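**Student:** Sequence plus predicted model, see below.
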Amino acid sequence: MARRCQLTGKQANNAFAVSHSHRRTKRLQHVNLQWKRVWWPEGRKWVRLRLSTQAMRTLQRRGLEAVAREQGIDLHRL
């Protein structure tokens, strides 16, 4: 499975690791992903998602149904 948030689509970012002598080597800045069980009231079931921590905060504010509808995600398939 790819390291990608299932709701927002966030993924790793390319960056440089800069040493004290200012040599730059490529590295990845990974997304903080967590497995989270979220209650889906309309479907009356738990949905297990791999979410970024930013997506978890968005879910608390806006709700699972609204965020999934905006991103075009079918919760019945999860």
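**Tutor:** Ah, there it is.
**Student:** what's the lowest-mean-pLDDT helix or strand in the chain in contact with?
**Tutor:** Least confident helix or strand of the chain, by mean pLDDT, DSSP states H and E, is helix 64-71 with a mean of 92. The contact list for helix 64-71, computed with Cβ atoms under 8 Å, 6 or more residues apart in numbering, reads 7-9, 38-42, 47, 55, 58-59, 74-75. Quick note: C-beta positions are derived from backbone N, CA and C, even for glycine.
**Student:** so how far is it from its chain's centroid?
**Tutor:** Computed by Cα atoms, centre = their mean, to the nearest Å, the chain-centroid distance of helix 64-71 equals 13 Å.
**Student:** Nearest to residue 25 among the contacts of helix 64-71?
**Tutor:** Residue 25 lies nearest to residue 9 out of the contacts of helix 64-71, by Cβ to Cβ, at 27.1 Å.
**Student:** Now that closest one. Nearest residue, chain neighbours left out?
**Tutor:** Nearest residue to residue 9, sequence neighbours excluded (Cβ to Cβ, 6 or more residues apart in numbering): residue 71, at 7.4 Å.
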